[in-house]
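*Asks:* Quick one, fold the following:
(chains A and B)
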Amino acid sequence: MTFAARGAVGHLRARGWMGPLAALLASIVLFSLVTDTFFTADNLSLLLEQSVVIGLLALGQTIIVLTAGIDLANGAIAVLGTLVVAKHAASAGQAAAGLVCALSICTALGMASGGLITRLRLPPFIVTLGMLTVVSAAGRLYSQSRNYPVSVDLLTVFGRGLNIGHASLSYGVVLMLVLYAAIEYVLAQTAWGRHVRAIGGNSEAARRMGVSVDRTVVSVYAVGGLLYGLAAWASLGRIPNADANAYQTANLESITAAVLGGTSLFGGRGSAVGTLLGTLIVVVLRSGLTQAGIDALYQEVATGILVVLAVALDAVARRGRP
Amino acid sequence: MTGDTPVLEGRRLRKRFGHVVALDGTDFELRAGETLAIVGDNGAGKSTLVKILSGVTVPDAGELLLDGKPVTFSGPQQARRSGIETVYQDLAVAPTLDVASNLFLGRELRQRGLLGTVFRRLDAAAMNRAAADHLASLNVSIQSTAQPVEDLSGGQRQAVAVARAAAFASRFIVLDEPTAALGVAGSAAVLDLIGRIRGRGLSVVLVSHNMPHVFELADRIHVQRLGRRAAVVTPKTHTMQDVIGIMTGARVA
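*Replies:* Coordinates of the predicted model:
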């Protein structure tokens, strides 16, 4: 191995990306060998597109889990976002205004979760469970249980993209990658990122060491909300239809992606890049197992086992520390 | 080095939590450059006193004088801005961050120019260098300042916490049971470190249950009993038995 390669491996290992990357590559190799359809430009492009919505929800989930929090309401918030923008576009014909409105509502809902958690000192699980129930019910009431198709170019922009031979790169994928890079940057290179990890490691210690814990936590949930709003926008690019019953298990999938990417549910440890790998693992497994002709229920069994395994590895690693 | 005006003086400090009176009009005096130990039985009000000194708790009554001027701390940040750093027993470090990030937590150095102002990029290299220099100057041996603190031994972790306090305190540092969770070797290293900080002229408030440690380090010993200051003695004039006697009320100073 050359020095450069050894340096790269050390880099990956130090950040905890080695395991998720190996799991992702192994599953890609496996499905490429057992099916003819998996390793094609078409299919790989499709996999990336399928990663966008879950990937953006998982990105918000990651920064929240880093503070030792959790967000069960992310899918519901994104769905409400799609309904607000689609209904606005349908009734008033103002797509841009509806979009601004939807992004603001999603951000505000994230901020509300963060506010309740910090002001009332409630567990994030309970607050976001309540938020999930309220927001999904609100979505149904607001939509009157109807679907709202969208046809405005601005709203479906993330479904379009560039074609390079059989491969394609949608703007949604570009959006996701840009946001991942941005969040990875702020987590790794700014004081905010260090404060987020410090809070997740031990919030009272962080407070006593001079971190503005409450303000940081609220900002984390607000950024999460904004990411859910962007996920809502991107989802209209894939399926140009707002449906109150969509993305009902997205919250659990986003937690799965974060955990598979090496983010610790105990807080303080994890990264955006890890979650991107985790998201790709979830999508590759789902698609690969389908193409290999395996029943959808077995796919869930496989994902479930992987999650427990990933959390168990993390817990064992923690216990091994002095 | 002992000046005339105390660095921090507390007069008739009172604090109650519901029906429990934690501090019942206690006095407190820390002189410049000294190491003052606070000892007392459980429930004597040591922790509450420490929290008042470090701005975590606001007293119900009484006054605090910083260099002779009345002061009220609205929070730990304000005490910190006044040059007071506190190391809490179990809450002294951010376990998942590396050593340099711990030393600079809440006071990070940003890069110069646009990278720092617009992109808020931290100067990790500068922080690592400064952290390594500071730890070396205090004789704290750590392999690398890029190591996560949770990978360190208990003694090393506490040393990082104490070094952090020493780096930023301009008036005094408060150490709350710094050796309580440590083994013999770890305790020795931390005591050594406290000795070196003292050599720099910084005042130290040391809260400890460990009488040998107190008698090794302290210039004066503040004995807290039933929410009040029962006595202030020195290791030269009193024995450990005397101090324990005052603590428990078996003896009057």
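*Asks:* what bridges to B:Leu30?
*Replies:* B:Leu8 (DSSP bridges).
*Asks:* How about the contacts made by it?
*Replies:* Contact criterion Cβ atoms under 8 Å, 6 or more residues apart in numbering or on different chains gives B:6-9, B:36, B:172, B:203, B:205 as the residues in contact with B:Leu30. The C-beta positions use only the backbone N, C-alpha and C, and glycine is treated the same way.
*Asks:* Identify, from the residues you listed, the entry nearest to B:Arg251.
*Replies:* Closest approach between the contacts of B:Leu30 and B:Arg251, by Cβ to Cβ: B:Leu36, at 20.7 Å.
*Asks:* quick one: which of the contacts of B:Leu30 is nearest A:Leu236?
*Replies:* Nearest member of the contacts of B:Leu30 to A:Leu236, counting by Cβ to Cβ, is B:Phe172, at 59.5 Å.
*Asks:* Show me what that closest one bridges to in the sheet.
*Replies:* B:Ile84, B:Ser203.
*Asks:* List the buried residues of whichever strand or helix holds A:Glu300.
*Replies:* Counting by DSSP states H and E, the element that carries A:Glu300 is helix A:296-319. Residues A:299, A:303, A:306-307, A:310, A:314 are the ones in helix A:296-319 that count as buried (16 or more other Cβ atoms under 10 Å in any protein chain shown).
*Asks:* Switch those over to a markdown table; also include pLDDT and distance to B:Asp133.
*Replies:* Listed next are these as a markdown table, based on pLDDT from 0 to 100; distance: Cβ to Cβ, whole Å:
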| residue | pLDDT | distance to B:Asp133 |
| --- | --- | --- |
| A:Gln299 | 83 | 54 |
| A:Thr303 | 81 | 49 |
| A:Leu306 | 82 | 45 |
| A:Val307 | 83 | 44 |
| A:Ala310 | 81 | 39 |
| A:Asp314 | 78 | 35 |
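*Asks:* Which pLDDT does the model give A:Ala86?
*Replies:* Looking at A:Ala86, its pLDDT stands at 94.
*Asks:* What is the neighbour count of it?
*Replies:* Number of residues near A:Ala86 (other Cβ atoms under 10 Å in any protein chain shown) recorded here: 26.
*Asks:* I'd like to know how many residues surround the residue nearest to B:Pro70 when sequence neighbours are not counted.
*Replies:* Once flanking residues are discounted, B:Pro70 sits nearest to B:Glu63: 5.7 Å by Cβ to Cβ, 6 or more residues apart in numbering or on different chains. B:Glu63: 13 surrounding residues under other Cβ under 10 Å.
*Asks:* Buried ones in the helix or strand that contains B:Glu63, by neighbour count?
*Replies:* Using DSSP H and E, B:Glu63 falls within strand B:61-66. For strand B:61-66, a neighbour-count test (16+ other Cβ under 10 Å) marks B:62, B:64-66 as buried.
*Asks:* Please name the strands paired to it in the sheet, noting orientation.
*Replies:* Applying DSSP bridges, strand B:61-66 is found paired with strand B:8-17 (antiparallel), strand B:69-71 (antiparallel).
*Asks:* mind pulling up the phi and psi values for the closest residue to B:Glu150 other than its chain neighbours?
*Replies:* Spatial nearest neighbour of B:Glu150, excluding adjacent residues (Cβ to Cβ, 6+ apart): B:Pro95 at 4.1 Å. B:Pro95 adopts backbone torsions of phi -60, psi -30, taken as degrees, to the nearest 10.
*Asks:* and what of A:Gly268?
*Replies:* phi 90, psi -20.
*Asks:* quick one: it and A:Leu66 touch, right?
*Replies:* Yes: using Cβ atoms under 8 Å, A:Gly268 is in contact with A:Leu66, at 6.6 Å.
*Asks:* Find residues that contact each of those two.
*Replies:* Jointly contacting A:Gly268 and A:Leu66 under the rule Cβ under 8 Å, 6+ apart are A:197, A:200.
*Asks:* how much space is there between B:Thr26 and A:Gly16?
*Replies:* Distance, B:Thr26 to A:Gly16, using Cβ to Cβ, to the nearest Å: 49 Å.
*Asks:* That should have said A:Ala90, apologies.
*Replies:* Distance, A:Ala90 to A:Gly16, by Cβ to Cβ: 45 Å.
*Asks:* For these two, indicate the residue with more neighbours.
*Replies:* A:Gly16 (20 against 17).
*Asks:* Pull the contacting residues for the most centrally placed residue in chain B.
*Replies:* With distances taken as Cα atoms, centre = their mean, the residue of chain B nearest its centroid is B:Val174 (1.6 Å). Contact analysis of B:Val174 by Cβ under 8 Å, 6+ apart lists B:50, B:53-54, B:84-87, B:204-205, B:207.
*Asks:* Among the residues you listed, which are located in helices?
*Replies:* Using DSSP state H, the members of the contacts of B:Val174 that fall within helices are B:50, B:53.
*Asks:* ChimeraX command for the buried members of the contacts of B:Val174?
*Replies:* Buried residues among the contacts of B:Val174 (16+ other Cβ under 10 Å), as a ChimeraX selection:
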select /B:50,53,54,84,85,86,87,204,205,207
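*Asks:* Go through the contacts of B:Val174 and say which is closest to chain A.
*Replies:* Of all the contacts of B:Val174, chain A sits closest to B:Thr86, with 7.2 Å by Cβ to the nearest Cβ.
*Asks:* Just name the most buried of the strands paired with strand B:61-66.
*Replies:* Most buried of the strands paired with strand B:61-66 by mean neighbour count (mean count of other Cβ atoms under 10 Å in any protein chain shown) is strand B:8-17; its value is a mean of 18.
*Asks:* Other residues contacting that strand?
*Replies:* By Cβ under 8 Å, 6+ apart, the residues outside strand B:8-17 that reach it are B:21-30, B:45, B:48-49, B:52-53, B:57, B:59-66, B:68, B:84, B:171-172.
*Asks:* next one: stretch A:204-211
*Replies:* Contacts for stretch A:204-211 (Cβ under 8 Å, 6+ apart): A:195, A:198-199, A:213, B:56, B:76-77, B:80, B:86, B:88, B:90-95, B:102, B:105-107, B:164.
*Asks:* Isn't A:Gly262 up against A:Ser271?
*Replies:* Yes: contact criterion Cβ under 8 Å: A:Gly262 and A:Ser271 qualify, at 7.1 Å.
*Asks:* can you list residues touching both of these two?
*Replies:* In contact with both A:Gly262 and A:Ser271: A:16-17, using Cβ under 8 Å, 6+ apart.
*Asks:* quick revisit: beta partners of the residue nearest to B:Pro70?
*Replies:* Here B:Glu63 sits in beta bridges with B:Arg11, going by DSSP bridges.
*Asks:* Mind pulling up the pLDDT for it?
*Replies:* Confidence score, pLDDT, at B:Glu63: 94.
*Asks:* Point out where the stretch 201-322 of chain A drops to low pLDDT.
*Replies:* A:319-322 (pLDDT under 70).
*Asks:* again, only using 80
*Replies:* A:314, A:317-322 (pLDDT under 80).
*Asks:* which residue ranges form the helices in it?
*Replies:* In the stretch 201-322 of chain A, the segments counted as helices under DSSP state H, counting those that start in this stretch are A:203-208, A:213-238, A:250-260, A:272-291, A:296-319.
*Asks:* Please consider this matter closed, and thank you.
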